[in-house]
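Student: Need a 3D model of the following:
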Amino acid sequence: MSVILEVCVDDAAGIVAAVDGGADRIELCAALPLGGLTPSPGLMAVAAQCGVPVMAMIRHRAGDFILSDADIDIALRDIAAVRAAGLSGVVIGASRADGTLDEVVLGRLVEEARGLDVTLHRAFDLVPDVAEAVACLRRLGIQRVLTSGGATKVVRGLDRLAQTMASAGSDITVMPGSGVSPDVLPELMALGPIREIHASCSSAVRQGGRVVEMGFVGGTAPETSAQKVRSLKAALMAYA
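Tutor: Residues are numbered from 1 along each chain as shown. Okay, the predicted model is just below:
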């Protein structure tokens, strides 16, 4: 069975590049340099026509994953917008102050997303106890988790990733992400059966001119590369 490649993008050009490169699924965001925020309704509408499944990030602000009542209300409305746009699913997360998953809040989000595909995002990388967090996912019925193994890059989190995979068994998909490239695949695949991979497949493009001077953009911005998607997809095929 082929390993599914999910590519995260935050603009229309990224959608085109991901599809052209052979991505199996898209994680649709805004503001990837901030870790990914909820995409606009317009971008959702464009993505809905791209021909591959699209998961929309539900995270309306940067920062932590501790959700206030107002944050929860916005998240519920954003999930409804994803459903209305005809996208495949949502990427959600909610933490308590100690890093544990907020099962009550997540339960509300999962209920709102009933009938949609659901991924738990890298709020999972903050949890103090992997086995308990996986048990929480089971109770909630969430069947996919995106994780870097609790590290800034997945290649530095292999031990914890292996623990997560062991706890998840065959009923929860553990999707490694953060710094995934063809070079790190041998180390990832040596951990055991991996069914899905998450990557940005992007390059940092230098920005210049008045937009930088005025603070509208930083000195560089990520740009999805169809060639990088294609290369990673080809490398994954070797593990089919």
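
Student: Contacts for stretch 108-119 next, please.
Tutor: 27, 53, 55, 58, 72, 75-76, 79-80, 82-83, 87-92, 94, 140-146, 175 (Cβ atoms under 8 Å, 6 or more residues apart in numbering). Every residue, glycine included, has its C-beta placed from N, CA and C.

Student: Stretch 163-183 now?
Tutor: 6, 8, 119, 122, 124, 130-131, 134-135, 137-138, 142-149, 151-155, 161, 188, 191-192, 194-199, 228, 231-232, 235.

Student: number of nearby residues for residue 97?
Tutor: 8 (other Cβ atoms under 10 Å).

Student: my read: it touches residue 66, true?
Tutor: Yes - counting by Cβ atoms under 8 Å, residue 66 is a contact partner of residue 97 at 6.2 Å.

Student: which helix of this structure spans the most residues?
Tutor: helix 69-85 (DSSP state H).

Student: Check what contacts the helix-or-strand element of the chain with minimal mean pLDDT and list those residues.
Tutor: Of all helical and strand segments in the chain, the minimum by mean pLDDT, DSSP states H and E falls on helix 210-213, at a mean of 72. Defining contact as Cβ under 8 Å, 6+ apart, one finds that helix 210-213 is touched by 217, 218, 219.

Student: And for the helix or strand just after that helix, what's in contact with it?
Tutor: Going down the chain from helix 210-213, the next helix or strand is strand 220-224, by DSSP states H and E. Strand 220-224 is contacted from outside by 7, 9-10, 13-14, 17-18, 32-33, 200-207, using Cβ under 8 Å, 6+ apart.

Student: are any of the residues you listed buried, and which?
Tutor: Buried residues within these, counting neighbours by 16 or more other Cβ atoms under 10 Å: 7, 9, 10, 14, 17, 18, 32, 200, 201, 202.

Student: circling back: and the contacts of stretch 108-119, which are buried?
Tutor: The neighbour count (16+ other Cβ under 10 Å) marks 27, 53, 55, 58, 72, 75-76, 79, 82-83, 87-92, 94, 140, 142, 144-146, 175 as buried among the contacts of stretch 108-119.

Student: Tell me where this structure has helices.
Tutor: Under DSSP H, the chain gives helices at 12-21, 41-47, 69-85, 103-112, 130-140, 158-168, 185-189, 210-213, 226-237.
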